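Student: Here's a sequence, model it:
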Amino acid sequence: MMTITEFQKVGVGLMGFGLFFLLFGVLLYFDSVLLAFGNILFLTGLTFIIGLRRTAHFFLQRQKFRGSFFFLGGVSLVLCRWPVTGMLVEGYGFVLLFRSFFPMAVAFVLSSVNIPFLTAFFPSSSSMV
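Tutor: Next up is the predicted model:
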């Protein structure tokens, strides 16, 4: 069993509040202050959960440089009070950063929820590895 440190518990709380503020900022017609606060809390929570070295390693990998550039560029655009453009750029960067994760997530969801209609459109392999 894996133990969770106090820093990781704080990180989960920060990420939760960050996601809440991001959602609330989008629902309030892209309020730039809420979106900026949500982005800062989300990135701070990620750093608390996986650590500063792993966070830097994740964003500074050579194959993820373009995604990191767009994601962090979108965060900076939101901080400069261009919320709609910033969120679009940030979303594009998010897709580039996690593009290798999406097929695994779809396969996991389809294997855990056996819906024949969806498995016809998204064929998943029998192995998760």
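Student: Which parts of this structure are helices?
Tutor: 6-27, 32-50, 52-59, 65-79, 83-97, 102-112, 116-121 (DSSP state H).
Student: can these go into TSV with extra columns for mean pLDDT?
Tutor: Shown next, in TSV, are the helices of the chain (pLDDT from 0 to 100):
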stretch	mean pLDDT
helix 6-27	96
helix 32-50	95
helix 52-59	95
helix 65-79	96
helix 83-97	96
helix 102-112	78
helix 116-121	65
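Student: and the ones you listed as TSV, adding mean neighbour count?
Tutor: The way it works is simple: take the backbone N, C-alpha and C, and place the C-beta from them, glycine included. Shown next, in TSV, are those (neighbours: other CB atoms under 10 Å):
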stretch	mean neighbour count
helix 6-27	16
helix 32-50	19
helix 52-59	12
helix 65-79	18
helix 83-97	18
helix 102-112	12
helix 116-121	9
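Student: Enumerate every residue touching the most centrally placed residue in the chain.
Tutor: Centroid-nearest residue in the chain, with CA atoms, centre = their mean: Phe94, separated by 6.3 Å. By CB atoms under 8 Å, 6 or more residues apart in numbering, the contact list for Phe94 reads Gly67, Phe71.
Student: going forward can the numbers begin at 237, since that is how I track them
Tutor: With 237 as the first residue, the last one maps to Phe330.
Student: Next one: it relative to Ile240, how far apart?
Tutor: The gap separating Phe330 from Ile240 is 25 Å, by CB to CB, to the nearest Å.
Student: ditto for Gly252
Tutor: Gly252 sits 14 Å away from Ile240, taking CB to CB as the criterion.
Student: what sits against the nearest residue to Phe306 once chain neighbours are set aside?
Tutor: Counting by CB to CB, 6 or more residues apart in numbering, Gly329 is the residue found nearest to Phe306 once chain neighbours are left out, at 3.1 Å. Taking CB under 8 Å, 6+ apart, we find Gly329 in contact with Gly303, Ser304, Phe305, Phe306, Phe307, Leu308, Gly309, Gly310.
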